[in-house]
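J.: Turn this into a structure:
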Amino acid sequence: MVRYDVDGKNPVGVHPLSKPPNLIRQFLLLPRARCLYHALGLRSYLGGVSGEKFLRSATSWKRQQQEGKSEKNDRGSVPSTIALNLNPHKYCMLSLVRGKSDMSNFPSLVKIMERLRGEGGCEWDRTQTHASLRQYLLEEVHEVVDAISRKNAEQLREELGDLLFQILFHAQIARENGDFDITDVIDSISEKMVRRHPHVFAGASATTPEAVSHQWEHIKKTVENRNHSSIIGGVPRSFPSLLRAAKVTKKAARAGFDWENTGQVMKKVEEEMEELVNAVSEGDPENMEHELGNAIFALVNLARFLNINPEVAMISANERFERRFEAMEKIAMESGCSIENSDLSTLDRFWEKAKKITK
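T.: As a prediction, the model looks like this:
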């Protein structure tokens, strides 16, 4: 099997290995180690694979090194590769990556972040800390979700870029503090993804999404030793309430504390709603809050049984209400009246019209 480098040149022989190679260094986007190995175990030179001939697998790298030295002596230079023809600070990717996806612009983005935080940079950027950036990180995440909800690819591209920049921001601050840098972040997630997908990168088997999920949790507990004092522990308290409820109940369900079918959950929702009605009739604010919380929690469990993310469902409901209300305002204006000065029956009529013209 033959593949070519990013310029469509230098044919590369692909040899599957008998044992899975170490896949971590191949994911690095910034120059670090001199010698990298790509996914199928072929020796590469700073991200490019040389040669008009097939290379041996990574297990024979010493012989490849000797052959490289021999070629250098014969021709006066190392084997020509795409990587060696580029600025090493702008290129360090797999030889199998082609065209626009070479990611050579990633180091440039890192340099921009360094410049903003450095001497003569931006005074606002230089004063930021991990803590001060929390609100902006949350805002960017929500804007990404909004772009996805709107199915706007152009907006999604832009918002993903903003989110990526937030990640680089935190990595740069950590680097300045002597904690870690963006390369360490890439190392960490690469190792984690390979480790948690043995059915892809090793000989494990997981043929269904459920099996993959169970395997994922097993690896977290056994290999990574992520054990908490409680079975439902480990869910960040800073999560939005609906999302946190979904996570907690999912953990409890994995331990066997769950209903058997959707009908049982529906019955529980009805029970909680009845208790909420009773609390409202009694007029005790504290009890009403308690029962309302129970009713919402029961609905979160129902969402889990229906394979619906309650947080996403709530976001959609908010957006749907906003679209319909804005449409109702437009209908009212076209009718020569305003929302504020219309009676309830008129508003109901406007609302029904708005529902028909919006999704």
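J.: Pull the number of nearby residues for Met328.
T.: 22 (other CB atoms under 10 Å). The way it works is simple: take the backbone N, C-alpha and C, and place the C-beta from them, glycine included.
J.: Repeat that for Lys221.
T.: By other CB under 10 Å, 12 other residues sit near Lys221.
J.: who touches it in this structure?
T.: Asn227 (CB atoms under 8 Å, 6 or more residues apart in numbering).
J.: Ok, the one 3 residues further on next?
T.: With contact taken as CB under 8 Å, 6+ apart, Glu224 is in contact with Arg195.
J.: so where does Ala354 fall, helix or strand?
T.: helix 344-357 (DSSP states H and E).
J.: for the record, mean pLDDT for that helix?
T.: Averaged across helix 344-357, pLDDT comes to 93.
J.: again with stretch 171-179
T.: Per-residue scores along stretch 171-179 average to 97.
J.: quick one: that stretch to chain centroid distance?
T.: Mean-position distance between stretch 171-179 and its chain equals 22 Å (CA atoms, centre = their mean, to the nearest Å).
J.: just stretch 221-235 next, same as before
T.: Using CA atoms, centre = their mean, the offset of stretch 221-235 from its chain centre is 21 Å.
J.: Also stretch 304-321?
T.: For stretch 304-321, the distance to the chain centre is 19 Å (CA atoms, centre = their mean).
J.: Just the C-alphas of it, formatted as CSV.
T.: What follows is stretch 304-321, C-alpha atoms only, in CSV (Å, rounded to 0.1, in the frame of the first residue of the first chain):
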residue,chain,number,x,y,z
ARG,A,304,-32.3,9.9,30.2
PHE,A,305,-34.7,7.1,29.4
LEU,A,306,-35.7,8.9,26.2
ASN,A,307,-32.0,9.4,25.3
ILE,A,308,-32.5,13.2,25.4
ASN,A,309,-30.0,15.5,27.0
PRO,A,310,-32.1,17.7,29.3
GLU,A,311,-29.7,20.7,29.1
VAL,A,312,-29.9,20.7,25.3
ALA,A,313,-33.6,20.2,25.4
MET,A,314,-33.9,23.3,27.7
ILE,A,315,-31.7,25.3,25.4
SER,A,316,-33.9,24.5,22.5
ALA,A,317,-37.0,25.4,24.4
ASN,A,318,-35.5,28.8,25.4
GLU,A,319,-34.6,29.5,21.8
ARG,A,320,-38.0,28.4,20.5
PHE,A,321,-39.7,30.7,22.9
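J.: in stretch 110-124, what's buried?
T.: For stretch 110-124, the neighbour count (16 or more other CB atoms under 10 Å) marks 110, 113, 116-117 as buried.
J.: If you count neighbours, what's buried in the helix holding Ala354?
T.: 350, 353-354.
J.: Save those as TSV, and put in distance to Glu224 too.
T.: As requested, the buried residues of helix 344-357 are exported to TSV (distance: CB to CB, whole Å):
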residue	distance to Glu224
Phe350	56
Lys353	55
Ala354	50
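J.: For Ala255, state which of those is nearest.
T.: Ala354 (45.3 Å; CB to CB).
J.: give the contact list for that closest one.
T.: Neighbouring residues of Ala354 by CB under 8 Å, 6+ apart: 324-325, 327-328, 331.
J.: Now list the buried members of the residues you listed.
T.: Counted by 16+ other CB under 10 Å, the contacts of Ala354 give 324, 327-328, 331 as buried.
J.: So which of those belong to helices?
T.: 324, 327-328, 331 (DSSP state H).
J.: So which of those residues is the closest to Glu289?
T.: Among these, and counting by CB to CB, the member closest to Glu289 is Arg324, at 28.2 Å.
J.: Might one say that Leu242 is in contact with Glu311?
T.: Yes - at 4.5 Å, Leu242 and Glu311 qualify as touching, with contact defined as CB atoms under 8 Å.
J.: can you pull the contacts of the closest residue to Pro236 other than its chain neighbours?
T.: With sequence-adjacent residues excluded and distances taken as CB to CB, 6 or more residues apart in numbering, Pro236 is closest to Arg244, at 7.5 Å. Shown in contact with Arg244 (CB under 8 Å, 6+ apart): 235-237.
J.: unless I'm mixing things up, Pro198 is touching His218, no?
T.: No - using CB under 8 Å, Pro198 is not in contact with His218; the gap is 10.2 Å.
J.: Now for Met133: which residues touch it?
T.: Check again: residue 133 is Leu, not Met. 166, 169-170, 173.
J.: how close does it get to Val145?
T.: 19 Å (CB to CB, to the nearest Å).
J.: got it, and Asn307?
T.: Asn307 is 19 Å from Val145, by CB to CB.
J.: which one of those two has more residues nearby?
T.: Val145 (15 against 6).
J.: Dump the buried residues of stretch 110-124 into a markdown table; add secondary structure and distance to Phe297 as well.
T.: What follows is those, written out as a markdown table (DSSP: H, G, I helix; E, B strand; the rest coil; distance: CB to CB, whole Å):
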| residue | secondary structure | distance to Phe297 |
| --- | --- | --- |
| Val110 | helix | 44 |
| Met113 | helix | 42 |
| Leu116 | helix | 44 |
| Arg117 | helix | 43 |
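J.: I'd like to know which of those residues is nearest to Gly161.
T.: Met113 (12.6 Å).
J.: Please list all residues in contact with the closest one.
T.: Contacts for Met113 (CB under 8 Å, 6+ apart) come out as 165, 168-169, 171-172.
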